[in-house]
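**Student:** return atomic coordinates for the entry below.
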Amino acid sequence: MALFDFLKKGNNKDVELYNPVDGEVIPIEEVADPVFSQKMMGDGFGVQPNNGQVYSPINGKVTSVFPTKHALGLEADNGVEVLVHIGIDTVELEGGPFEIHVSEGDKIAPDTLLASVNLDAVKEAGKGNTVIIVFTNMDAVDNYTLSKTGISNHGETIGEVTSK
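**Tutor:** Numbers count the residues shown, from 1 in each chain. Sure thing, here's the model as predicted:
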């Protein structure tokens, strides 16, 4: 059976994580929203953005675009569900500062631009602009590693998530 172990690699159990936006990558515990920092929605990480261009943190597909445009649901190639939440309490902005560039069902990669955000409008509304990445089906996650924090550009590999 070991002869065919290479076929198992096709299951994509290990998925690389990419920084979705130029800025400072921070552990989820440092996100300034207790719902996220206390991992109530799942584990993950945040990025303090330097600009408003938000790219995909994974290879996979788009599963949902929130009507308020502040969040997107993604599914990694290994089945891990990923929430991309743009800003803190930004649901209250009702889509104003967000422009979505993908649709449900689209295949995505780290070079896929998901959304553009007017960070000045978010700030003027008194909201935080942290881009938050959360794995929402933690029961399907075997292991998650954030291997790089600090300043990095979008598309840089910053960790890995492994499904069960």
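
**Student:** would you mark the buried spots in the helix or strand hosting residue 123?
**Tutor:** Residue 123 belongs to helix 119-124 when assigned by DSSP states H and E. Under the neighbour-count criterion of 16 or more other C-beta atoms under 10 Å, helix 119-124 has 119, 121-122 buried. Just so you know, the C-beta spots here come from the backbone N, C-alpha and C atoms, and that holds for glycine as well.

**Student:** can you pull the contacts of the nearest residue to residue 113 once chain neighbours are set aside?
**Tutor:** Spatial nearest neighbour of residue 113, chain neighbours left out: residue 101 (4.9 Å); criterion: C-beta to C-beta, 6 or more residues apart in numbering. By C-beta atoms under 8 Å, 6 or more residues apart in numbering, the contact set of residue 101 is 113-116.

**Student:** which pair in the residues you listed spans the largest distance?
**Tutor:** Distance extremes for those: the farthest pair is 114 and 116 at 8.9 Å, using C-beta to C-beta.

**Student:** tell me which of the two has more neighbours.
**Tutor:** Legend: neighbour count by other C-beta atoms under 10 Å for residue 114 and residue 116, higher for residue 114 (23 against 16).

**Student:** measure that one to residue 128 for me?
**Tutor:** To residue 128, residue 114 is 19 Å away according to C-beta to C-beta, to the nearest Å.

**Student:** quick revisit: what's the next secondary structure element after the helix holding residue 123?
**Tutor:** Next along the chain after helix 119-124, taking DSSP H and E as the criterion, comes strand 128-135.

**Student:** per-residue confidence averaged over that next one?
**Tutor:** Strand 128-135 comes out with an average pLDDT of 97.

**Student:** in the helix or strand just after that strand, which residues are buried?
**Tutor:** Moving toward the C-terminus from strand 128-135, the next helix or strand (DSSP H and E) is strand 141-146. Residues of strand 141-146 classed as buried: 141, 144, 146 (neighbour count, 16+ other C-beta under 10 Å).

**Student:** measure residue 154 to residue 98 for me?
**Tutor:** Taking C-beta to C-beta, one finds residue 154 at 17 Å from residue 98.

**Student:** after the least confident helix or strand in the chain by mean pLDDT, which helix or strand is next?
**Tutor:** When each helix and strand of the chain is scored by mean pLDDT, DSSP states H and E, helix 5-8 comes last, with a mean of 46. Using DSSP H and E, the helix or strand that follows helix 5-8 in sequence is strand 14-18.

**Student:** for stretch 76-87, the distance to its chain's centre please.
**Tutor:** Put simply, stretch 76-87 sits 5 Å off its chain's centre (C-alpha atoms, centre = their mean, to the nearest Å).
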